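S.K.: this is a predicted model, with the sequence first.
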There are 2 protein chains.
Amino acid sequence: MPYFDSASAAPLHPVARQALQAALDEGWADPARLYREGRRARLLLDAAREAAAEAVGCRPDELVFTPSGTRAVHSGVAGALAGRRRAGRHLVVSAVEHSSVLHSAAAHEAAGGTVTEVAVDRGGRVAPDGYAAALRDDTALACLQSANHEVGTEQPVAEVAEACREAGVPLLVDAAQSLAWGPVEGAWSLLAASAHKWGGPPGVGLLVVRKGTRFAPQGPADERESGRSAGFENVPGIVAAAASLRAVRAEAAAEAARLRGLVERIRTRVPELVPDVEVAGDPVRRLPHLVTFSCLYVDGEALLTELDRAGFSVSSGSSCTSSTLTPSHVLRAMGVLSEGNVRVSLPFGAAEADVERFLEVLPGTVAGIRERFGAPGTGPVTGDAGALVVDALGRRCPIPVIELAKVFGDVPVGGTVTVLSDDEAARLDIPAWCGMRGQEYVGERPAERGTAYTVRRTS
Amino acid sequence: MPYFDSASAAPLHPVARQALQAALDEGWADPARLYREGRRARLLLDAAREAAAEAVGCRPDELVFTPSGTRAVHSGVAGALAGRRRAGRHLVVSAVEHSSVLHSAAAHEAAGGTVTEVAVDRGGRVAPDGYAAALRDDTALACLQSANHEVGTEQPVAEVAEACREAGVPLLVDAAQSLAWGPVEGAWSLLAASAHKWGGPPGVGLLVVRKGTRFAPQGPADERESGRSAGFENVPGIVAAAASLRAVRAEAAAEAARLRGLVERIRTRVPELVPDVEVAGDPVRRLPHLVTFSCLYVDGEALLTELDRAGFSVSSGSSCTSSTLTPSHVLRAMGVLSEGNVRVSLPFGAAEADVERFLEVLPGTVAGIRERFGAPGTGPVTGDAGALVVDALGRRCPIPVIELAKVFGDVPVGGTVTVLSDDEAARLDIPAWCGMRGQEYVGERPAERGTAYTVRRTS
């Protein structure tokens, strides 16, 4: 039963399990106490901190353990912003950051701060120049992920860090997706990561604040972890997390090369095997283990369900798989198709045979769903052949795009089709369909109900 | 090697270890995902929530898991204060709350709120009337521990909760020390606790917010745990925590009776075996497993070190064992002796033979330390016999009290001794010495350096 969602969580690494066992016996006590059980816990905690710092490439006293990567980001952003309060209250983030960063930015804005979101290209990557242009005299902090969690695109962290250094602005790097593969290069100031992404147990994150970075921890005071992460330390979890990071790093180079081959095979074969697929993310500057594609005319939730039935666990950025019924903000920022979206992230040790089997199963699965969704009751079509109007109000992704495609053959070259839709995904997917089909996307305007999206036939 | 500090952390319960093992295999994935690994994690999380809610006596949808008891308190206090912002910004806490509550109160004060600390009696207990008198029209929240973590005194939570209910003020109960023994009675509104106190793993706390309680989570938004505890859920830890709580509750009544007997033996025998000892905490309304006493003329750190050498792990509220060189705020609020302070908290299953051995070892250990500290270079003594002045400047606890005791025999009845000291512990321990010796504590006044504490001989 292949699990292909290591970007969400990786199963516990065998080394982490052993370390956890040992640390449950030796490291359960309060490391702040002076008696033998406390001293043993302290020794384990110190050793774990040294190991993690070595893997990150920082000093042990720059690194604290947090209860999760999310908490590391929340604490890191809040502490760095407060520490630079005198410089100003402007925060720069990329448009494709993890929700923990974007939610921190929203909280900062709600508290009176200002935020600039730096756009990305169609591959999901920020331009160093564009990022540098967003820095201002009152910029207190900049945030950039090392690599994107949904499409695997690596960001130009070293160049952006250099631009930040020149501007005197600290850069916080969310390294959650990349730390298993290697340290983050460049002159960054803060770094956050999450252990369950590298085969450590859930419940452990880390926050690094480089010496010389102004930092004022927020929230109630607490003596633990240099005052930067409140609450009794989860020493067994921390020990297991550090052990796992060392272990995956020892295998990282070889495993990256191997998984990169498997991912390349998916990137190449899926568009050959499945018609109307868009593969997302930078084709070269990318994580070794992660690939994302979207299938036109396919309902994402149905696809996930069918793949799960066939034994494959993957995730999706489609609107129908989110509780808010909006497509992933990452796909939206990239301007790529969101319907029928699938993210495959291969865990360490993923078997080639499982990848081949996935490629065998996928075409039939997609075809089956397309067949099921292909003949919905067509909404009323009005207007003449030169200016058709399709009413897809009340229909959810992928129906509006399917309705568009169904009538498009009836439109003469130069004619238009206008789709009325109140589904958020249409805003992203109708332009994406035009891009894939080489047709002209004229634009959108508010309609009496929902929005009218107009497409012109050019060929 | 008896470990007598379960109030800090209890070793992992065997049931918790089994549950953790199983949940590491079955519950490592993201419980928000729809594939089988995610569904399995969700089932485990839901079952753990139901088990914990049953033990607490609340509905499962009122309970969220947090990364620690400290984080549960921080989130609970901040969320409840924000939810009641319209009522006002006044917070009531007892003077002997855990530091997580007092630090939350300090943060609230720093942000412009007001705080009333309700005093306790010499046994460490608040009076329900006194607590009720602190409630005002603008009181947003009241906090009271179920039982004190340093001296074991149980608080009148049900009566205080009733007073709060009448005043329309929610009561947050820090139940960290008592939840292993049973649910918290009364009409409280919020409750916080910590799993590693009941034999669960570190890294898990819980926060209960009763239906109908106004609550506005603070900090960046996050979908996990009903928006009340950010970050990827530590499902294996949560499963182990819930299993352990069930397990200790099944044994709680019998074990409480057994440990109460052992604690009673310590409470009775220590003052018989060791001269000049004060036992702290309410003699009757107390936790079954915890007893605290202070030894006059004894350095707390030296005592802990010697007991550790003899194989006993205990903790202390003495100033010399704290990083701030101030005695525990709990002992200070109670007005009891802080020097040579020892807290014994017996874990589940503590052996009677180990307690007897502790009673054998303690008298010689205390006597040895007293001998070592008994003849320090006496500071200059000035004044005549009717009004002696002892210079103990620069000397740390227990020296100032020892110096006082050494010259006291030379003072005629009606005469005074004034001790000059710059040690914070003297402020608590010189009056406490007077209480134990039946002598009159005249008072303190600022001196050229430090503070002058004056005692009159009455017998």
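M.R.: Yes, it's here.

S.K.: contacts, neighbours, all on C-alpha from now
M.R.: Fine.

S.K.: how about the strands in the stretch 101-250 of chain A?
M.R.: With strands called from DSSP state E, counting those that start in this stretch, the stretch 101-250 of chain A shows them at A:114-118, A:139-145, A:171-174, A:190-194, A:205-209.

S.K.: run through the residues of the stretch 151-300 of chain A sitting next to chain B.
M.R.: A:201-203, A:219-222, A:230-237 (Cα under 8 Å from any Cα of the partner chain).

S.K.: hmm, back to that, could I get the strands of the stretch 101-250 of chain A as JSON lines with mean neighbour count and mean pLDDT?
M.R.: Formatted as JSON lines, these follow (neighbours: other Cα atoms under 10 Å in any protein chain shown; pLDDT from 0 to 100):
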{"stretch": "strand A:114-118", "mean neighbour count": "18", "mean pLDDT": "98"}
{"stretch": "strand A:139-145", "mean neighbour count": "28", "mean pLDDT": "98"}
{"stretch": "strand A:171-174", "mean neighbour count": "28", "mean pLDDT": "98"}
{"stretch": "strand A:190-194", "mean neighbour count": "29", "mean pLDDT": "98"}
{"stretch": "strand A:205-209", "mean neighbour count": "28", "mean pLDDT": "98"}
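
S.K.: ok, back up a step: return the closest of the residues of the stretch 151-300 of chain A next to chain B with respect to residue A:77.
M.R.: Of all these, residue A:77 sits closest to residue A:219, with 12.6 Å by Cα to Cα.

S.K.: that's a strand at residue A:320, yeah?
M.R.: No - per DSSP: H, G, I helix; E, B strand; the rest coil, residue A:320 lies outside any strand segment and is helix.

S.K.: show the contacting residues for it.
M.R.: By Cα atoms under 8 Å, 6 or more residues apart in numbering or on different chains, the residues touching residue A:320 are A:299, A:300, A:301, A:326, A:327, A:396, A:397.

S.K.: re the thing from before, nearest to residue B:32 among the residues of the stretch 151-300 of chain A next to chain B?
M.R.: Nearest to residue B:32, judged by Cα to Cα, of these is residue A:202 at 13.9 Å.

S.K.: so what's the residue count around that closest one?
M.R.: For residue A:202, the neighbour count with other Cα atoms under 10 Å in any protein chain shown is 33.

S.K.: could you do the one 10 residues further on as well?
M.R.: The criterion is other Cα under 10 Å. On that basis, residue A:212 has 7 neighbouring residues.

S.K.: could you tell me the model confidence score at it?
M.R.: Listed pLDDT for residue A:212 reads 97.

S.K.: likewise residue A:232?
M.R.: In this model, residue A:232 is scored at 95, pLDDT.

S.K.: looks like it contacts residue A:30 (just checking).
M.R.: Yes - counting by Cα atoms under 8 Å, residue A:232 touches residue A:30, with 7.4 Å between them.

S.K.: neighbour count: those two, which is higher?
M.R.: residue A:232 (27 against 24).

S.K.: now the contacts of residue A:320 as CSV including neighbour count, secondary structure and pLDDT?
M.R.: Converted to CSV, these look like this (neighbours: other Cα atoms under 10 Å in any protein chain shown; DSSP: H, G, I helix; E, B strand; the rest coil; pLDDT from 0 to 100):
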residue, neighbour count, secondary structure, pLDDT
A:299, 26, coil, 91
A:300, 28, helix, 91
A:301, 22, helix, 91
A:326, 20, coil, 83
A:327, 26, coil, 87
A:396, 19, coil, 89
A:397, 26, coil, 88
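
S.K.: which one among those gets closest to chain B?
M.R.: residue A:301 (9.1 Å; Cα to the nearest Cα).

S.K.: what is the burial count for the closest residue to that closest one other than its chain neighbours?
M.R.: Leaving aside its sequence neighbours, residue A:301 sits nearest to residue A:321 (Cα to Cα, 6 or more residues apart in numbering or on different chains; 5.4 Å). Look at residue A:321: counted by other Cα under 10 Å, it has 22 neighbours.

S.K.: need the pLDDT of residue A:321.
M.R.: pLDDT, residue A:321: 70.

S.K.: pretty sure it contacts residue A:303?
M.R.: No - the criterion here is Cα under 8 Å, and residue A:321 misses it with residue A:303 at 10.1 Å.

S.K.: dump stretch A:122-139 to PDB, restricted to CA.
M.R.: Only the C-alpha atoms of stretch A:122-139 are listed here, as PDB (Å, rounded to 0.1, in the frame of the first residue of the first chain):
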ATOM      1  CA  ARG A 122       4.400  30.100 -13.300                       C
ATOM      2  CA  GLY A 123       6.900  27.600 -11.900                       C
ATOM      3  CA  GLY A 124       6.200  28.900  -8.300                       C
ATOM      4  CA  ARG A 125       9.600  30.600  -7.900                       C
ATOM      5  CA  VAL A 126      10.200  34.200  -6.700                       C
ATOM      6  CA  ALA A 127      12.700  36.300  -8.700                       C
ATOM      7  CA  PRO A 128      15.500  37.600  -6.400                       C
ATOM      8  CA  ASP A 129      15.100  41.100  -7.900                       C
ATOM      9  CA  GLY A 130      11.400  41.100  -7.400                       C
ATOM     10  CA  TYR A 131      11.900  40.000  -3.800                       C
ATOM     11  CA  ALA A 132      14.600  42.700  -3.200                       C
ATOM     12  CA  ALA A 133      12.300  45.400  -4.600                       C
ATOM     13  CA  ALA A 134       9.800  44.600  -1.900                       C
ATOM     14  CA  LEU A 135      12.200  45.500   0.900                       C
ATOM     15  CA  ARG A 136      11.700  49.000   2.300                       C
ATOM     16  CA  ASP A 137      13.200  51.200   5.000                       C
ATOM     17  CA  ASP A 138      10.500  50.100   7.400                       C
ATOM     18  CA  THR A 139      10.800  46.400   6.600                       C
END
